[in-house]
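Novice: Here is a sequence with its predicted model. Questions after.
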Amino acid sequence: MSSINKIMLLVTLSIAALTFSFTANASEGGGSSYPNGAESIMAGAIPPPGFYFINYTNYYTADKMIDNDGDEQHVNLDLKVKANVFRFIYITDKQFLGGFIGFHTLIPLMDMDLDIMGMDDDDSGLGDITIGTNLSWHTKNWNFAAGLDITAPTGQYDKDELVNVGRNYYSIEPVLGFTYLSDGGYEASVKAMYDFNTENNDTDYQTGQEFHFDYHTGYHIGNWVAGISGYYYKQVTDDEQNGHTVDNYKGQVLAIGPALKYQYKNMSFIAKYQKETMVRNRTEGEKYWVKFIYAF
C-alpha cells in the first residue's frame, strides 16, 4: 500500500464519525464513544441521591496526523470539532450491594469541520446518545463507582461522507472509578472504561476494543479546586473489515493540562485545557472544556 493510501485509510477510519469523543484515531468513528477527558475533578465520585444536570462545552482542534511509528504525516490537516452535551443524572435512594443505584443519559450536539489534502467536509447536528446505570459507594475519604454505559447510533451517518456526527454502531462500556480526598484537601481521581464495539453494517467495519481513563490530581481550598487532569487512551485489539484484521492502526494518546473548579451554592463551574502527546494513529491536538453542574 502506498504512503498516500495509508494516510487516507487512516484519515477515513479515524474521522468517519467523531461524535462526542472529540478526537480522531484509527478506529472507525474516532475511537471511544466516551468523551475522553470529560471528567477530572472528583471523577470517581457520583453525587448523593438527587437529580443533577451537567452541561459540557468542548472545542477540539488539531493540525497534525501521527502514524503508527509516532511520525507526523504532512497532510495539511485542519480539524475543528465543537460540541455541547447535555447530561441528566438521577441517583435514587435505593441500594444494591451497599451502593446507591443511579441512571444517566448524555445528548450531544456536534459541529465538525475538516480540511485535509485538498478535501473539505463538515457536518453538524445530534450525535450518538448514551444511556447508562451505575452504583456508587461513599466513605469519609473514599468514593467508588461502577457502571455500564451503552451508546446508540442515533446520529446522522453517511458512509460516503468524510465526517459524520454519528458512528453507525453501538458501543458497550463498563466503567469503574474512584476518588480519594484527604482531610487536608488533596485529591486523586480516576475513571476507567473498556469499550466493546459492534460492527458498522454500512462499511462492514468493526472497531477493536478500547481501554481509556480520565484522571485528576489536585488540591481543594474553600470553594476552589486546582490541579492537573487529562486522559489516556489505548486501543487494545485490532479493527476488522470484511472479517479481515486491519493491522497497525491501533490508536493511542496521553493528554495532560490544568483544571480549575469553583463551587457556588448548588452549582459548579469547571474549566480545563488538555494537550495531547504520545500519539499513535490519531490526530494530535488540544481540547478546551467548560463544564457546568447544577444540583436540583
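Specialist: Arrived safely, thanks for sending. Predicted model, so just to flag it, every value in this text is computed and none were measured.
Novice: can you tell me the helix or strand for the residue nearest the centre of the chain?
Specialist: The structure's the chain has its C-alpha centroid closest to Pro35; by CA atoms, centre = their mean the separation is 1.7 Å. Assigned by DSSP states H and E, Pro35 falls within no helix or strand.
Novice: Do I have it right that it meets Val85?
Specialist: Yes: if you go by CB atoms under 8 Å, Pro35 and Val85 touch, sitting 7.0 Å apart. The C-beta positions use only the backbone N, C-alpha and C, and glycine is treated the same way.
Novice: strand partners of the helix or strand where Thr61 lies, parallel vs antiparallel please.
Specialist: Thr61 is located in strand 50-66, with elements delineated by DSSP H and E. Strand pairing for strand 50-66, using DSSP bridges, gives strand 72-73 (antiparallel), strand 78-96 (antiparallel), strand 282-295 (antiparallel).
Novice: of those, which approaches Glu173 most closely?
Specialist: strand 78-96 (14.9 Å; CB to CB).
Novice: Turn the strands paired with strand 50-66 into CSV, including mean pLDDT.
Specialist: Supplementary listing: the strands paired with strand 50-66 in CSV, determined by pLDDT from 0 to 100:
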stretch, mean pLDDT
strand 72-73, 90
strand 78-96, 96
strand 282-295, 96
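Novice: Deepest in the core, which of the ones you listed is it.
Specialist: Mean neighbour counts were compared across the strands paired with strand 50-66 using mean count of other CB atoms under 10 Å; the top stretch is strand 282-295, at a mean of 20.
Novice: Return the distance of that one from the chain's centre.
Specialist: Centre-to-centre, strand 282-295 and its host chain are 9 Å apart (CA atoms, centre = their mean, to the nearest Å).
Novice: what do you get for stretch 191-198?
Specialist: The mean C-alpha position of stretch 191-198 is separated from the chain mean by 10 Å, CA atoms, centre = their mean.
Novice: in that stretch, what's buried?
Specialist: Within stretch 191-198, the residues that count as buried by 16 or more other CB atoms under 10 Å are 191-195, 197.
Novice: what mean pLDDT does it have?
Specialist: Confidence over stretch 191-198 (mean pLDDT, whole number) is 96.
Novice: Name the residues that touch it?
Specialist: With CB atoms under 8 Å, 6 or more residues apart in numbering as the test, stretch 191-198 has contacts from 27, 32-34, 39, 43-44, 145, 149, 169-177, 206-215, 236.
Novice: Can you list which of those are found in strands?
Specialist: Among these, the members found in strands (DSSP state E) are 145, 149, 171-177, 206, 210-215.
Novice: could I get the strands paired with strand 50-66 as TSV with distance to Lys275?
Specialist: Formatted as TSV, these follow (distance: least, CB to CB, whole Å):
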stretch	distance to Lys275
strand 72-73	15
strand 78-96	15
strand 282-295	5
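Novice: now the contacts of stretch 191-198: which count as buried?
Specialist: 27, 32-34, 39, 43-44, 145, 149, 169-171, 173, 175, 177, 206-208, 210, 212-215.
Novice: So in terms of bridging, what pairs with Gly132?
Specialist: Beta-bridge partners, per DSSP bridges, of Gly132: His104, Asp149.
Novice: what about it, neighbour count?
Specialist: Per other CB atoms under 10 Å, the neighbour tally for Gly132 reads 17.
Novice: That one reaches His104, doesn't it?
Specialist: Yes: the criterion here is CB under 8 Å, and Gly132 meets it with His104 at 5.4 Å.
Novice: Just the buried positions in stretch 249-266, please.
Specialist: 249-253, 255-261.
Novice: Over it, what's the mean pLDDT, rounded is fine.
Specialist: 95.
Novice: was I right about His216 contacting Tyr180?
Specialist: No: the pair His216 / Tyr180 is not scored as a contact, 10.9 Å apart, by CB under 8 Å.
Novice: out of those two, which sits in the more crowded spot?
Specialist: His216 (24 against 16).
Novice: which residues does the more buried one contact?
Specialist: 39-43, 187-189, 227-229, 259.
Novice: Kindly recompute the last result at 7 Å.
Specialist: Contact partners of His216, counting by CB atoms under 7 Å, 6 or more residues apart in numbering, are 40-41, 43, 187, 189, 227, 229, 259.
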